[in-house]
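Visitor: Kindly generate the corresponding structure for this input.
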Amino acid sequence: MKRAAFVILFVFAAKIFGFSQGPDKMPLPPEKYRNIYAAKIVKNDTVVLYYMRPILIMPPPKFKTRREWIRYWRLVYNLKKIYPYLKLIHYYYYQVEATVQYMDEKERKKYLKQMERYLRKRFEKQLVNLTYTQGRLLIKLVDRETDHTTYDVIREFKGQLSADFWQAFARVFGTNLKTQYKPNKDDRLIEYILAKMDNGQL
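Guide: Residues are numbered from 1 along each chain as shown. Below you'll find the model as predicted:
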């Protein structure tokens, strides 16, 4: 199961994970594509986009039973394990997306293959060591960090055929790459914990 979680994650992680080792150890896009950031035009002026989460003041959680208390702290533990990956996904997804949109198909494929080789060497052991539960959480939370499901991210960077293949593979192991994150419904507790982490409260 750990291996399956890694394989699924690696497909999209190779396209959106960041590089934490410095520019001398990571594949860089060609010079003309570096330092490209998302932006929009506002009244004939170009404004760089930077997404910031709100700062929240939240009451401590209340538990009716010991089982709820255990569930909460188990979820905290698992989210802390994957939290660094969430931050990498969020930041570099937008950076890589903004970069490759200016490349032709040949440059794009070359750049993404270089990243894939680097990421397999850099992150494979870490991702394989995730538990099945942590892997499923990370797959779901891609939607929170990118506003796209894991299925959509794979389709964007690898194409429809690849996305369908990995979706079928995931379903064999009881995972759905099309799962959407629902912070106001099923995933309220996850959102509460992550909001506290974002605010440095956990």
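Visitor: For burial, what's the neighbour tally of N78?
Guide: 20 (other Cβ atoms under 10 Å). Every residue, glycine included, has its C-beta placed from N, CA and C.
Visitor: With P59 instead?
Guide: 6.
Visitor: Let me know the distance separating it from N176.
Guide: According to Cβ to Cβ, to the nearest Å, P59 and N176 sit 33 Å apart.
Visitor: Excluding sequence neighbours, find me the nearest residue to L194.
Guide: In space, and not counting its chain neighbours, L194 is closest to L79: 6.3 Å by Cβ to Cβ, 6 or more residues apart in numbering.
Visitor: can you pull the contacts of that neighbour?
Guide: Counting by Cβ atoms under 8 Å, 6 or more residues apart in numbering, L79 makes contact with 137, 190, 193-194, 197.
Visitor: helix or strand for it, which one?
Guide: helix 66-100 (DSSP states H and E).
Visitor: quick one: buried residues of the following helix or strand past that helix?
Guide: Counting by DSSP H and E, the element after helix 66-100 in chain order, helix or strand, is helix 105-128. Within helix 105-128, the residues scored as buried using 16 or more other Cβ atoms under 10 Å are 108, 111-112, 115-116, 118-119, 122-123, 127.
Visitor: Just after helix 105-128, pick out the following helix or strand.
Guide: Following helix 105-128 toward the C-terminus (DSSP H and E): helix 132-146.
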